[in-house]
Each structure stands twice: as C-alpha cells, then as structure tokens.
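Asker: Sequence and computational prediction follow.
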Amino acid sequence: MKIAVINLICNYQSKTKYPEDLKNEINDLIQNPRKLKVVVIDDNGFPFEDALESLDCHVKIYKKYTKDISQPNQKFKPISIGQPDIIFCDINGIGEEIYKDYQGLGVIEHLREKYPFTAIYAYTGTPELIANKLKDQSTIDGIFAKEWSIDDFLVNFKKVRTIFFDPANRWNFLRDRFKHLKTTDRKLDELRISYVKKILFSKYYKKSLHMDQSQIKEIITENSNNHIDIVYLSKLGISTGSQIFSLFFPLLSE
C-alpha cells in the first residue's frame, strides 16, 4: 500500500473516529519506550522515589526552587529542571523567596507557564489550600496527598501514566491543556482530528509498510505541517515537526 493511499484512508477515517476508538494503536507502535521523566520539588524530600524507579521512571528530586545566591543584592532565580513529563510540586515551604506567602502555588503557576503540556500535580499535605488560593484550578492536573500510603500513591500514579500511552487519555490530557490556553472548541475539534490522523498514520505505516518505530517517527515528523495548524501551535511554543511528534507520542521522543 502506497503512502498516498494511506494518507487518503487516514484523512477519511479521522473524521469519524475518536481517540477512544484507538485504544491499542499506540501500544502497537511502541517497541522501546523511553523512561518517564519525573521531577519532584519538595523541601521535605520524597518517599516514593524507589517505587517510581521500579516503574521505569527516572526521578529527580529538588528541595528548593531557586538557585543559591552569593551576594545580598542578588535576585532569586528559578532552578532549571530540564524537560520533565510529570512534575510533583509541594505548595508549602517552596518558592517563598520569590512568591512570599503564595509559596508553592506561585511555583506551580510559573511551571505551568513554562511547561504548558507537562503533567503538573500538587503534592501536598494541605490540599484545601489549592481550592482556596490557587487562582485558576485548571493550572494543575490533579492533587497527590502526602498522607497517602505507597499503595494509594502508586494506584493514582499508574492512572497518570496512562496519559502517555492510551490515546483517549492522552487526548483528554491535551484537551485540558489546550483549554487552559484558551483554545476554542472549533480549534480543539481540528486538533483532535489531527491527533487521530497521526495515530492512524502510525498504524498503517507499521502494518502495511512494515516500518519500524524510528522510520515512523521520521516520516510523521517530516510531514507534521501538512496535517495540523502549525501557525496556531507556534503561538503556543510548538513550532517544529519534532515538537508535534513529542506532543502526540511522548514515549517515542527523547
């Protein structure tokens, strides 16, 4: 089957299929998924590091959100945390050098602005402060309570992990992130169709053309601009085919 024929089939099917119809498509594509990159920001440490490492995650823990300063007149600046997939951030005792009483809530808002498509969770012993003080509840993707047992934590973490390989859950996550960025319903429909189309492309490229994971990534990356509004995504900081591929297939991107 030629690529041109596959494109026609995918263009047609993407108008009638939805992410929940594509349950196994990403699983069929993923052969050697990378580790999820998890960042924890908490001045009290983090007791579940080994548990997450056992789930094939790479965990990095920071006990403060600002760089050390050497002069009294220096301004505090946020540390660099790379490009994480998931962030757990405490809301007490973190970031008060910059955000004063707003503390970790200010850190979370800054993280959301910097990482619009990263999964960000408040990790706290005072979840009521989220509802009472966080200016926009859609800033976070959820709350993890510090008093949870390891079993409770892992049950909820495994649900979070599905947003990286289950098409319906991935789209639901992306939809919420786009909504936070004030994306219109019409544009969301266009993006959903583009997302479904990419998943279908990957399916046919593998099954009909027998492409491997790297070949599929290359061809989808090279042709991303043909099936999506790159002008709109550029306004959100997504301007290359590689970034689009990472958005839709996060476990296949470094």
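Answerer: Received it, and whenever you're ready, just let me know what you need.

Asker: ok, S202 touching I216?
Answerer: Yes: applying CB atoms under 8 Å, one finds S202 in contact with I216, separated by 5.3 Å. All C-beta spots, glycine's among them, are computed from the backbone N, C-alpha and C.

Asker: which of those two has more neighbours?
Answerer: S202 (27 against 22; other CB atoms under 10 Å).

Asker: just for the protein, where's the confidence low?
Answerer: Applying pLDDT under 70 to the chain flags the ranges 1, 24-31, 70-74, 224-227, 253-254.

Asker: center of it - which residue?
Answerer: In the chain, the centroid-proximal residue (CA atoms, centre = their mean) is T118; its distance is 3.5 Å.

Asker: Looks like it contacts G82 (just checking).
Answerer: No: if you go by CB under 8 Å, T118 and G82 don't touch, sitting 10.6 Å apart.

Asker: on that earlier part again, can you pull the phi and psi angles for the residue nearest to the centre of the chain?
Answerer: When read as degrees, to the nearest 10, the backbone of T118 gives phi -100, psi 140.

Asker: show me the residues around it that make contact.
Answerer: T118 sits next to 83-87, 111 when contact means CB atoms under 8 Å, 6 or more residues apart in numbering.

Asker: Go through those residues and flag which are in strands.
Answerer: 86-87 (DSSP state E).

Asker: Of the contacts of T118, just say which sits nearest to D50.
Answerer: For the contacts of T118, the residue nearest D50 by CB to CB is I86; the value is 16.4 Å.

Asker: Next, the contact list for that closest one, please.
Answerer: The contact partners of I86, by CB under 8 Å, 6+ apart, come to 36-39, 118-121, 160.

Asker: Look up how far N172 lies from it.
Answerer: From I86 across to N172, the span is 16 Å (CB to CB, to the nearest Å).

Asker: can you check I130 too?
Answerer: From I130 to N172 the distance is 20 Å (CB to CB).

Asker: between these two, which one's more packed in?
Answerer: The residue with more neighbours, out of I130 and N172, is I130; 19 against 15, by other CB under 10 Å.

Asker: Look at the closest residue to that one other than its chain neighbours and say how many residues are nearby.
Answerer: Once flanking residues are discounted, I130 sits nearest to A122: 5.5 Å by CB to CB, 6 or more residues apart in numbering. Neighbour count of A122, defined by other CB under 10 Å: 24.

Asker: Would you agree A122 is in contact with C89?
Answerer: Yes: between A122 and C89 there is a contact at 6.3 Å, judged by CB under 8 Å.

Asker: Identify the contacts common to these two.
Answerer: Counting by CB under 8 Å, 6+ apart, the residues touching both A122 and C89 are 104, 108.

Asker: Is it correct that Y65 is in contact with I41?
Answerer: Yes: using CB under 8 Å, Y65 is in contact with I41, at 5.7 Å.
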